[in-house]
Every structure is written in C-alpha cells, then in structure tokens.
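Participant: sequence and predicted structure, then a few things I'm wondering about:
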Amino acid sequence: MKKYRFFFHYRHQTKSMSIHYRGKCVPVKEVICNAPCETKWNKTQPMLVMQGYSSNVEFIDDKVIINE
C-alpha cells in the first residue's frame, strides 16, 4: 500500500486541530495517531506541525485516526 504524507497542527481560528492529507485540510477536535511522526518547526504560522507518512487515515465525526 502506498503511503502519503500527513501533518496536523492546532488551528487557533477554530480552536481545533487541522489535519492535512492527500491535498485536503480537515478540521477535527481529536487526533489519534498510531503512525510514527516527527515535529517540524516553521518560521511562519503554523509554527509547529507533526508530520509523518500513512496509508490509512479515517475520519469519524470530529475525530481522525491515523494508522501506519
């Protein structure tokens, strides 16, 4: 199975998390990450994002489950 880059960060405007996966940006309230991820620091907002690779990301209501 092909793995794609994902990253998520806190979104101050909506007071929720935002996950980016396969060209889409989805606001969610809860992130469950079961895949290895690393921090990435940016000079502009969002300053800190968590990123990794996944072949399976499931959106269930206001929750996202990221599997390896």
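Facilitator: Structure received. Residues are numbered from 1 along each chain as shown.
Participant: run through the bridge partners of Phe7.
Facilitator: His20, Gln51 (DSSP bridges).
Participant: got a list of what Arg11 touches?
Facilitator: Met17, Ser18, Pro27, Pro46 (Cβ atoms under 8 Å, 6 or more residues apart in numbering). C-beta: built from backbone N, CA, C; applies to glycine.
Participant: what does His9 give?
Facilitator: His9 is in contact with Met17, Ser18, Pro46, Leu48, Val49, Met50, counting by Cβ under 8 Å, 6+ apart.
Participant: what about these, which are in strands?
Facilitator: Among those, DSSP state E puts Met17, Ser18, Leu48, Val49, Met50 in strands.
Participant: surely the third one meets Trp41?
Facilitator: Yes. Leu48 lies in contact with Trp41 (Cβ atoms under 8 Å); the separation is 6.0 Å.
Participant: follow-up on the earlier one: PyMOL command for the buried members of the ones in strands among the contacts of His9?
Facilitator: The PyMOL command for the buried members of the ones in strands among the contacts of His9 (criterion: 16 or more other Cβ atoms under 10 Å) is given here:
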select buried, resi 17+18+49+50
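Participant: can you list the ones in strands among the contacts of His9 in TSV and add distance to Tyr10 and pLDDT?
Facilitator: Converted to TSV, these look like this (distance: Cβ to Cβ, whole Å; pLDDT from 0 to 100):
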residue	distance to Tyr10	pLDDT
Met17	6	95
Ser18	8	96
Leu48	8	96
Val49	9	97
Met50	10	97
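Participant: neighbouring strands for the helix or strand harbouring Lys40, and are they parallel or not?
Facilitator: For Lys40, the host element (DSSP states H and E) is strand 37-41. Note on strand 37-41: by DSSP bridges, its sheet partners are strand 48-54 (antiparallel).
Participant: report the angle between the strand it pairs with and strand 16-21.
Facilitator: With axes from the mean of the first three to the mean of the last three Cα atoms, to 10 degrees applied, the angle from strand 48-54 to strand 16-21 works out at 40 degrees.
Participant: right, I'll call it a day here.
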